[in-house]
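K.L.:
Return atomic coordinates for the entry below.
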Amino acid sequence: MSGIHAAVLGAVFNLNHPAHVVEWHFIKLSVGNVVVIGLMLGVFALAIALPFPGAARRAAARRGGDER
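P.N.:
Coordinates of the predicted model:
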């Protein structure tokens, strides 16, 4: 990255401040990590709860009918 690009990015993102953290007993995580972990748990829950695409069609094929 050239010097001018680094200067522009440095002007956009101010990194001269203390990190925002979430503390829970002995666990200390940054807010960004807590958000990512929450999103991952949400996607995992959706993957468990939602049916696979085409599951109804495969079930109908096993029963011998053709529901489309």
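K.L.:
How about the secondary structure of residue 52?
P.N.:
Here residue 52 is coil, with the state taken from DSSP: H, G, I helix; E, B strand; the rest coil.
K.L.:
Check it and give its pLDDT.
P.N.:
On pLDDT, residue 52 comes in at 76.
K.L.:
Name the residues that touch the lengthiest helix in the chain?
P.N.:
Looking only at the chain and at elements set by DSSP state H, the helix with the highest residue count is helix 31-49. Outside helix 31-49, the residues that touch it by CB atoms under 8 Å, 6 or more residues apart in numbering are 20, 21, 22, 29. The C-beta positions use only the backbone N, C-alpha and C, and glycine is treated the same way.
K.L.:
May I have the residues that are in contact with residue 64?
P.N.:
Listed by CB under 8 Å, 6+ apart, residue 64 has no contact partners.
K.L.:
Next secondary structure element downstream of the longest helix of the chain?
P.N.:
Tracing the chain C-terminally past helix 31-49 and defining elements by DSSP states H and E, one meets helix 55-63 next.
K.L.:
Would you mark the buried spots in that following helix?
P.N.:
With burial defined by 16 or more other CB atoms under 10 Å, not one residue of helix 55-63 is counted as buried.
K.L.:
Now do it, average pLDDT.
P.N.:
82.
K.L.:
Use 2 as the first number from now on
P.N.:
Yep, numbering from 2; the last one is helix 56-64 now.
K.L.:
could you say what helices and strands that helix packs with?
P.N.:
Helices and strands touching helix 56-64, as assessed by 3 or more CB pairs under 8 Å, 6 or more residues apart in numbering; DSSP states H and E, are absent.
K.L.:
Tell me the buried residues in the longest helix of the chain?
P.N.:
Quick answer for helix 32-50: no buried residues (16+ other CB under 10 Å).
K.L.:
Output that helix as PDB - backbone C-alpha positions only.
P.N.:
As requested, C-alpha coordinates have been extracted for helix 32-50 and formatted as PDB (Å, rounded to 0.1, in the frame of the first residue of the first chain):
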ATOM      1  CA  VAL A  32     -17.200  -5.600  21.500                       C
ATOM      2  CA  GLY A  33     -16.400  -6.600  17.900                       C
ATOM      3  CA  ASN A  34     -15.700 -10.200  19.000                       C
ATOM      4  CA  VAL A  35     -18.900 -10.400  21.000                       C
ATOM      5  CA  VAL A  36     -20.800  -9.200  17.900                       C
ATOM      6  CA  VAL A  37     -19.100 -11.900  15.700                       C
ATOM      7  CA  ILE A  38     -19.800 -14.600  18.200                       C
ATOM      8  CA  GLY A  39     -23.400 -13.600  18.500                       C
ATOM      9  CA  LEU A  40     -23.800 -13.600  14.700                       C
ATOM     10  CA  MET A  41     -22.200 -17.100  14.500                       C
ATOM     11  CA  LEU A  42     -24.600 -18.400  17.200                       C
ATOM     12  CA  GLY A  43     -27.500 -16.900  15.300                       C
ATOM     13  CA  VAL A  44     -26.500 -18.500  12.000                       C
ATOM     14  CA  PHE A  45     -26.000 -21.800  13.800                       C
ATOM     15  CA  ALA A  46     -29.500 -21.700  15.400                       C
ATOM     16  CA  LEU A  47     -31.000 -20.900  12.000                       C
ATOM     17  CA  ALA A  48     -29.200 -23.800  10.400                       C
ATOM     18  CA  ILE A  49     -30.600 -26.100  13.000                       C
ATOM     19  CA  ALA A  50     -34.100 -24.700  12.900                       C
END
